[in-house]
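Colleague: with the input below, show me the fold.
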Amino acid sequence: MSLRRLIIVSFFFLSFFANIFADGSVRGWIILSDNMERAIRTIKTAKEYNINQLQLSHEIIHDLKAIKEEKVCEQVNKLIRLAHLEGIDEVLLWDHSLYSLDYYPSCFRTGPNGTINLDNPKFWEWFKDDYRRMLNRAPEADGLVLTFIETGAYAEKQYSMNMKPPEEKLAAVVNAISDVVIGERGKKLYIRTFAYSEEEYKSTVGCIEHIKSDKVILMMKETPHDFFLTHPDNSYIRKMNRPTIVEFDSGNEYSGQGVVANTWPEYTMKRWGSYINCPNVTGYVARTDRYGDTSIVGTANEIQLYALKRMTEEQTVSPMQIYNEFITSRYGEDALLPIRKAFQNAYDIVTSVFYTLGTNLTDHSSLNYENNKWGYSRHVSGRWIDPPMVLVKHDINKTFHYWKDIINHIAPVHFKSLSSPLAVEVKTVFDNQWIEPDEKMDSVYYNYILTEKQYGVKLASEAVAEIEKVKPLLESATYNDLYQLFYRTYLTACLHEAVCTAYYGSRIYVRAKQFHPKGLKERIFLSLKKIEQVSEDMNLLVNTYPVGQYDWLNDVKIALRCRSRVLKMLNSKSLQNE
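Modeller: Now for the predicted structure:
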């Protein structure tokens, strides 16, 4: 080949790839679970989705210091090599810095109360050298994803006379790591930014302004603070004057973690549509699991990953196209209509079962109405909405104020006091007198809750019926996986409905009789029987469902404990009345 022809061909290929990435498009996945079989399957599937970035996190490697352990090091390097062989150009390791204080030599912890003296140049020499040693353990890794906020030893709480604002201390950590990762090794550095309040986001923005390297890339969650379906878009993504990739939670940390149906491309596409054309947004990365064997790759819930892929390729693609393409390719054209109907119910099922009147009351998907302190404070979407109003459909079709209406009525008394997390997390709620300290659960809100839960049960039942229609059309293993997913969804809805009837009903029952709706006691007793029945059905499915952070059958134990408490209360109250 002549030199001229070689130059022309080389220019063509350079132009071709430049056009592919003209929008700076990162198409990434995150593997959280250290289940090697699942991780390998995910990596081998990635080429079907044109994935060019893979992040290894959480149970594989949460802090880079874990690379010093032989088992972790071996697993990480094996996955890096496999990902590269499968055509994934960029493999990144997660890190959280600073680590806990006791990780650092005592000679550097000379500040007040044993804090690190950030003014000591020898500390930063040791710090950088430590990163060099750690990076040497995974030489083929292409960079790091660094969380530098709210880590083991809060950087902003360390001692310094030279760096007064906390933003400067945070930036000093990022800059030191950047010097090694980018400056010395020529690798990538992404920094994850999140916050629990508007004030914290402002501090984060201030920190970013002190970061020296313009090659540091941001990674921000699709929602502010955490992954809740009712949260608004993360408005701070648009405000960042740096390249930014958007982190999606296709593993559904708070929405069933793949144990139930999470088949909703509309939601995923609406979120991605909010950011895809932002000048600073250079791509997306999606979580593929929530620990253990909860990977959505190879399941019906993989449709969320497919939605991100197709919308990145073609912004005008519709949710209906996504349903049709995904279902037809997996289950065949004859099965399309019933499966699509079932899939389309999933979002409303989850938002009426795992959510109660627009707020998520589960503990990382686990049933927990009574003791989930964050469900009534930190996790309330009203923190991020002004005014904090929500339209709840689900056969209710009413607009509520998140605090005056919803939390004021559904929160237990002990979560509404001035000593509760609510007073710390959302002080404005008390400043505005939106919360009353006494019990406010009444027949009106009880009926709202039960209406919503019954709506979820109805939709879940309809979805199972649709799936049953395709049994003759699918191979037995394929049908069984699909049926079990929606059957678990139905049982979950039934359990939540029964527990809500018992739990919230019992809170009314201990109040004066004027608050009791007609037939309250009978309704509660029926719900206790239903808890028993659903628990028996769920226990028959032991060892048949994915387990990660959320162990589905633990909900049975929680429900039965609730049943025992409520039954004891009812019996005690009856004796008092006698």
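Colleague: can I get stretch 396-413 in CSV? Just the C-alpha atoms.
Modeller: C-alpha atoms of stretch 396-413 as CSV (Å, rounded to 0.1, in the frame of the first residue of the first chain):
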residue,chain,number,x,y,z
ILE,A,396,-56.6,8.4,43.9
ASN,A,397,-55.9,11.2,41.4
LYS,A,398,-55.2,13.9,44.0
THR,A,399,-52.4,16.4,44.4
PHE,A,400,-50.7,16.4,47.8
HIS,A,401,-48.2,18.5,49.7
TYR,A,402,-45.3,16.2,50.5
TRP,A,403,-45.0,17.5,54.1
LYS,A,404,-48.3,19.0,55.3
ASP,A,405,-50.3,16.2,53.7
ILE,A,406,-48.3,13.0,53.2
ILE,A,407,-45.5,12.9,55.8
ASN,A,408,-47.6,14.7,58.5
HIS,A,409,-50.1,11.9,58.2
ILE,A,410,-48.2,8.7,57.4
ALA,A,411,-45.0,9.2,59.5
PRO,A,412,-45.0,7.6,63.0
VAL,A,413,-44.9,10.1,65.8
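Colleague: what mean pLDDT does that stretch get?
Modeller: Averaged across stretch 396-413, pLDDT comes to 98.
Colleague: check stretch 449-461 too.
Modeller: For stretch 449-461, the mean per-residue pLDDT is 98.
Colleague: show me where pLDDT drops low in the stretch 451-578 of the chain?
Modeller: 574-578 (pLDDT under 70).
Colleague: switch to 80 and redo it
Modeller: 573-578 (pLDDT under 80).
Colleague: please enumerate the helices of it.
Modeller: 476-509, 520-539, 554-577 (DSSP state H, counting those that start in this stretch).
Colleague: now, of the ones you listed, which is deepest in the fold?
Modeller: helix 476-509 (a mean of 22; mean count of other C-beta atoms under 10 Å). In this view, the C-beta of every residue, glycine as well, is placed from N, C-alpha and C.
Colleague: name the helices or strands packed onto that one?
Modeller: Using 3 or more C-beta pairs under 8 Å, 6 or more residues apart in numbering; DSSP states H and E, the elements in contact with helix 476-509 are helix 319-331, helix 336-353, helix 443-468, helix 520-539, helix 554-577.
Colleague: chain center to the third one, what's the gap?
Modeller: Pointing back at helix 443-468 there. 24 Å (C-alpha atoms, centre = their mean, to the nearest Å).
Colleague: okay, buried residues for that helix please.
Modeller: By neighbour count on 16 or more other C-beta atoms under 10 Å, the buried set for helix 443-468 is 445-446, 448-464, 466-467.
Colleague: looks like Asn50 contacts Tyr306 (just checking).
Modeller: No - contact criterion C-beta atoms under 8 Å: Asn50 and Tyr306 do not qualify, at 11.6 Å.
Colleague: so between the two, which is more surrounded?
Modeller: Tyr306 (20 against 13; other C-beta atoms under 10 Å).
Colleague: does that one touch Phe326 like I think?
Modeller: Yes - with contact defined as C-beta under 8 Å, Tyr306 counts as touching Phe326 (5.0 Å).
Colleague: which neighbours do these two have in common?
Modeller: Between them, Tyr306 and Phe326 share these contacting residues under C-beta atoms under 8 Å, 6 or more residues apart in numbering: Pro265.
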